[in-house]
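**Student:** starting from these lines, generate the structure:
(one chain, ligands or ions: 1)
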Amino acid sequence: MQPIFPTVGIVGTGAMGRGIAQMAVQAGSQVLLFDLLPGAAEAARAALADTWQKLVVKNKLTPEMQAAYLARVSLASAVTGLAPCALVVEAIVEKLDVKQRLFAELEAVVAPQAVLATNTSSLSVTAIGAALQRPAQLAGFHFFNPVPLMRVVEVIAGLKTSPVVCQQLTDYARQFGHTPVSAQDTPGFIVNHAGRGYGTEALRVVGERVADFATIDRILKDQMGFKLGPFELMDLTALDVSHPVMESIYRQYYDEPRYRPSVITAQRLAGGVVGKKVGEGFYAYDKGVAKVPA
Ligand code: NAI
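**Tutor:** All right, here's what the predicted structure looks like:
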């Protein structure tokens, strides 16, 4: 099957960008990676190569497919290098003005009919598109971490988004083997709104010294059937990503007390204790295995 978007740009090649890149390559697209941080796009390509190598070792991928996948990944050294892309997906820092600037730059280099997509967790698609000449071409395309395993993707229309763009993204998500869900352009969309209490309320329970974080995680997994406890989830997402999301949703709902971010995560973020990716979050990580700090 031909991919709906033959050439796809990924801007921001961290946890989310590289996961989306993997799915796009596996759906048959050529992928161009761009990141502002020197060496980050190269690291993402190396991580993708490692992922496919592991699948070959497990006999889940043939060496021929591995070679074909790798050949579909290229690097762009500047935003202008994304000019040939039919779709560009952004997975950069969760800041409205930074995203607006990036999309204005992108819009100036891609073809008029190219689709621009934001993986924002919480910001308004309409607000991001307000800085564009062609806001109809921008939509939310919100994946979850880790992208290859978490099969839901929210497709979000801003006030000016073209329905054709949403349909293209919906069909493309199906080519990934994902389950697209249409969501309204509201703070946190569906998952980060409906699931808001999972983190914020658990932080309040810790703040009130009702129970420690590891007990809360264990009980919610054992008794409520969640796969990850709220603190394990915060460690996986990383507080440099999730704390700004908490702040953004709180502010957009006019300081709704239910969504108030926690001083616990603010302090940990300030101290760089952000989660699994730095080896230290609520849990300490030794080769990726979580331990409660002594
Ligand atoms: P990350 O910190 O792992 O990666 C972000 C990457 O973007 C970094 O490599 C950084 O150098 C690059 N970057 C930052 N500003 C840039 C710019 N102006 N131009 C180009 N590259 C830039 O973050 P992660 O976890 O991949 O999240 C990225 C976005 O995806 C955020 O908007 C976040 O809210 C959203 N998101 C994150 C989820 C998660 O669980 N981590 C889940 C769903 C959405």
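
**Student:** now stretch 103-115: mean pLDDT?
**Tutor:** On average, the pLDDT along stretch 103-115 is 98.

**Student:** now do the buried residues in that stretch.
**Tutor:** 103, 106-107, 109-110, 114-115 (16 or more other C-beta atoms under 10 Å). All C-beta atoms are positioned from the backbone trio N, CA, C, and that covers glycine.

**Student:** pull the distance from stretch 177-195 to the chain's centre.
**Tutor:** A distance of 12 Å separates the centroid of the chain from that of stretch 177-195, by C-alpha atoms, centre = their mean, to the nearest Å.

**Student:** which residue, other than its chain neighbours, is closest to residue 89?
**Tutor:** Leaving out its chain neighbours, the residue that sits closest to residue 89 by C-beta to C-beta, 6 or more residues apart in numbering is residue 117, at 4.6 Å.

**Student:** can you list the strands that whichever helix or strand the one you found is part of pairs with?
**Tutor:** Residue 117 belongs to strand 115-118 when elements are defined using DSSP states H and E. Applying DSSP bridges, strand 115-118 is found paired with strand 87-90 (parallel), strand 138-142 (parallel).

**Student:** tell me the helix or strand right after the last one.
**Tutor:** The helix or strand immediately downstream of strand 138-142 is strand 152-157, counting by DSSP H and E.

**Student:** contacts for that next one next, please.
**Tutor:** By C-beta atoms under 8 Å, 6 or more residues apart in numbering, the surrounding residues in contact with strand 152-157 are 125, 139-144, 163, 165-166, 169-170, 173, 176, 178-185, 189-191.

**Student:** of those residues, keep whichever come out buried.
**Tutor:** 125, 139-144, 165-166, 169-170, 173, 176, 178, 180-181, 183, 185, 189-191.

**Student:** returning to that earlier point: could you look up the next helix or strand downstream of the strand holding residue 117?
**Tutor:** The first helix or strand that comes after strand 115-118 along the chain, using DSSP H and E, is helix 125-129.

**Student:** hmm, that following helix in reach of the ligand?
**Tutor:** No. Using C-beta under 6 Å from any ligand atom as the criterion, no contacts between helix 125-129 and the ligand are found, and the smallest distance is 10.6 Å.

**Student:** for the residue in the chain that the ligand sits nearest to, what are its contacts?
**Tutor:** Nearest residue of the chain to the ligand: residue 14, at 1.9 Å (C-beta to the nearest ligand atom). Counting by C-beta under 8 Å, 6+ apart, residue 14 makes contact with 35, 40, 44, 91.
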